[in-house]
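Asks: Just the structure for this:
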Amino acid sequence: QVQLVESGGGLVQAGDSLRLSCAASGRTFSNYAVGWFRQAPGKEREFVATISWSGNTRRHVDSVEGRFTISRDNAKNTVYLQMDSLKPEDTAVYYCAARRRTTSSIYNDYAYWGQGTQVTVSS
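Replies: Have a look, this model is predicted:
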């Protein structure tokens with residue numbers, strides 16, 4: 001079992017930056033790939049980024065490529081999502097999720113989820 005807690009969300013203006021954190025406890029976190037997803041009101045949950053257990057493999061959805069960066073520090077059992085040049089369309093609840101083995105952009109592939117952190121970007 002892995003427990004995940006997100007933090008770092010907030011209300012910012014367009015063009016600002018935020019860094020989300022996903023802190024893990026439970027089983028050896030370094031064995032797990034982690035993904036970030038987001039869900040805006042009235043929309044389906046959407047893939048944002050994923051990182052392998054080692055950090056060597058990373059993927060970002062096209063809409064955030066060049067603006068968001070996923071990273072991890074296994075010594076701190078934490079995965080980060082650095083979000084720069086935020087846009088109003090980035091407004092959503094952001095969730096981190098963990099799974100054994102490889103990275104995935106499909107939310108049904110993830111067994112463990114945090115409760116989410118709200119990110120609101122005003123224009």
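
Asks: Please enumerate the strands of this protein.
Replies: For the chain, the strands defined by DSSP state E occupy 2-7, 10-13, 18-26, 32-39, 46-51, 58-60, 68-73, 78-83, 92-100, 112-113, 117-122.

Asks: what's the closest of the ones you listed to Ile106?
Replies: strand 46-51 (7.4 Å; C-beta to C-beta). C-beta coordinates here come from the backbone N, C-alpha and C atoms, glycine included.

Asks: which helices and strands does that closest one pack with?
Replies: In terms of contacts (3 or more C-beta pairs under 8 Å, 6 or more residues apart in numbering; DSSP states H and E), strand 46-51 is packed against strand 32-39, strand 58-60, strand 68-73, strand 78-83.

Asks: For that strand, list every residue counted as buried.
Replies: 47-51 (16 or more other C-beta atoms under 10 Å).

Asks: got those as TSV, with pLDDT and distance to Ala92 columns?
Replies: Output for these, formatted as TSV (pLDDT from 0 to 100; distance: C-beta to C-beta, whole Å):
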residue	pLDDT	distance to Ala92
Phe47	98	12
Val48	98	9
Ala49	98	13
Thr50	98	17
Ile51	97	19
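
Asks: hang on, the earlier thing: let's have the strands of the chain in TSV, adding distance to Ile106.
Replies: Formatted as TSV, the strands of the chain follow (distance: least, C-beta to C-beta, whole Å):
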stretch	distance to Ile106
strand 2-7	18
strand 10-13	28
strand 18-26	18
strand 32-39	9
strand 46-51	7
strand 58-60	12
strand 68-73	16
strand 78-83	18
strand 92-100	10
strand 112-113	13
strand 117-122	21
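
Asks: what's the nearest residue to Ser85 if we skip its chain neighbours?
Replies: Arg67 (4.7 Å; C-beta to C-beta, 6 or more residues apart in numbering).
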